[in-house]
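Asker: model this:
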Amino acid sequence: FKEYEKFFEKQGILVNQNKRLKIINKNFLRILKKKNLKINENPKLIDEVVNLVDNPNILLCNFDKKFLSVPKEILTLTMEFHQKYFPTFNEKNEITNEFLIVANKKDKKGFIKLGNERVVEARLNDAEFFWKRNKSQNLIKQLSDLKKINFFKGLGSYFDKTQRIKNISSLISDELMISKEKIEVAASICKVDLKSDLVAEFPELQGILGGHFAEAQGFEKEVCQSISEHYLPSGHESRVPKNLYSITLSLSDKLDTLVGFFGLDLIPSGSRDPYALRRSTIALVRLIIENKIKIKLRSIINYSLTLYKEQGYEFDITKVLKELNLFILDRLRNYSKEKDIRLDIIESSILTNDIDELYNGYKKAEVLNRNIKKEIGQDVVEIYKRSSNILNSEGIIIIHRHKNEKDNFLSKFNIIEEKNYGISKIIFLTF
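Answerer: You can find the predicted model right below:
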């Protein structure tokens, strides 16, 4: 293989992928250090580019600075996704008009550089045209156009969805103590960007573009930010918004979706999850836990079901509540496992806490998991065991019961007493 490799190297072809990668990284580092710039970490793009060339040569190109008025997300996606270029950023994380390309040979006459600059110029001209047109289109006046865009069969249009989101956001705003007026405005216009030319071209920028449109039209900062971030978190590694307005809008959007799909009985089974409901639910769990939010999910789900009913979509309330409750707790179970919490501790936490106490339940499990093997943890376990043994010897049992549980325990233990198991007293510990 070495002879094979040397033969092609003489022809100017690097067969070894790792060598090509090393050359690309080395030259990136040299140019970026000299210019005091940086690029996005994008392993997927790097891997793709490494396999597009056999003799990599790095070129620093630039485009007209007038295009810097276009939002950086549009510029970045245009260069990375469409052209396989690497946009550069300064120390303030602002995009610059310089970008790196990986050519397949030396550019002795500068034609490769010039050609790529012309290509990106044409792309950015189109992006600038659509940006200027879309940002000037009044978001409020476009609300009625959402009636023409179907959300999902049986769940109405996107206009119907935004009305539901607005009402849910209003309810959550009372619990999180934020401006009801601001969050209702944000909820009303959060989906308007779906009908823009730019979202049609760059669907990955849904929400982000809506935030930019809102900013360009003079909406308040909290409104713009919440629209930009209301799809977050979009995955296990995705950033979780910290702004309360963003959290509220994101929770409302996800809860509306989950209630609707569970109402239609489109619940994920096995490995199948065509509507990404597991991802939405884990996002819901992360929003609550990672922001230490204490919120009554059960009442919000009930309210969401009422909103669907008012729009003519009636679901089995008891069934949706039960199945969605179990589904959310199952996602909490998975989330806790990823945080290396012991399985028995996770199950104990879920048993004694329902969806109204997601954060408290997780925090208890996390604290217990952290301390269970320490001296204090071992002491607590030993004290509990001794107390339990003493009570058992006296014919007393302890039942750990959540405060929302009904007294159906009593009927079960009446049967036990009738069978004469020697139980003289039941103590209920309510959490």
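
Asker: Could you check how far Phe225 is from Asn138?
Answerer: That one is not Phe; residue 225 is Gln. 20 Å (Cβ to Cβ, to the nearest Å). Just so you know, the C-beta spots here come from the backbone N, C-alpha and C atoms, and that holds for glycine as well.

Asker: Just the helices from the stretch 151-300 of the chain, written as ranges.
Answerer: 158-176, 180-189, 197-201, 208-216, 221-229, 244-263, 277-290, 297-310 (DSSP state H, counting those that start in this stretch).

Asker: can you list the weak-confidence ranges in the stretch 201-350 of the chain?
Answerer: The model of the stretch 201-350 of the chain has no residue with pLDDT under 70.

Asker: could you dump the helix or strand that Leu321 is a member of to PDB, C-alpha only?
Answerer: Per DSSP states H and E: Leu321 is located in helix 317-338. Extracted C-alpha coordinates of helix 317-338, given in PDB (Å, rounded to 0.1, in the frame of the first residue of the first chain):
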ATOM      1  CA  ILE A 317     -59.200  14.100  27.900                       C
ATOM      2  CA  THR A 318     -58.600  11.300  30.400                       C
ATOM      3  CA  LYS A 319     -56.700   9.200  27.800                       C
ATOM      4  CA  VAL A 320     -54.500  12.100  26.600                       C
ATOM      5  CA  LEU A 321     -53.600  13.100  30.200                       C
ATOM      6  CA  LYS A 322     -52.700   9.600  31.200                       C
ATOM      7  CA  GLU A 323     -50.600   8.700  28.100                       C
ATOM      8  CA  LEU A 324     -48.900  12.100  27.900                       C
ATOM      9  CA  ASN A 325     -48.100  11.900  31.600                       C
ATOM     10  CA  LEU A 326     -46.400   8.500  31.200                       C
ATOM     11  CA  PHE A 327     -44.600   9.700  28.000                       C
ATOM     12  CA  ILE A 328     -43.100  12.700  29.700                       C
ATOM     13  CA  LEU A 329     -42.000  10.700  32.700                       C
ATOM     14  CA  ASP A 330     -40.400   8.200  30.400                       C
ATOM     15  CA  ARG A 331     -38.400  11.000  28.800                       C
ATOM     16  CA  LEU A 332     -37.400  12.200  32.200                       C
ATOM     17  CA  ARG A 333     -36.200   8.600  32.900                       C
ATOM     18  CA  ASN A 334     -34.000   8.700  29.800                       C
ATOM     19  CA  TYR A 335     -32.700  12.100  30.600                       C
ATOM     20  CA  SER A 336     -31.800  11.000  34.100                       C
ATOM     21  CA  LYS A 337     -30.000   7.900  32.700                       C
ATOM     22  CA  GLU A 338     -27.900  10.200  30.500                       C
END
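
Asker: Tell me the helices and strands packed up against it.
Answerer: Helices and strands touching helix 317-338, as assessed by 3 or more Cβ pairs under 8 Å, 6 or more residues apart in numbering; DSSP states H and E, comprise helix 244-263, helix 277-290, helix 297-310, helix 343-352, helix 358-371.

Asker: Out of these, which is closest to Ala214?
Answerer: Minimum separation from Ala214 across these (Cβ to Cβ) falls at helix 244-263, 12.0 Å.

Asker: re earlier: and for the helix holding Leu321, what are the contacting residues?
Answerer: Contacts to helix 317-338, defined as Cβ atoms under 8 Å, 6 or more residues apart in numbering, come from residues 236, 258-259, 262-263, 267, 277-278, 281-282, 284-286, 289, 297-298, 301-302, 305, 343, 346-347, 349-350, 354-355, 358, 361-362, 365-366.
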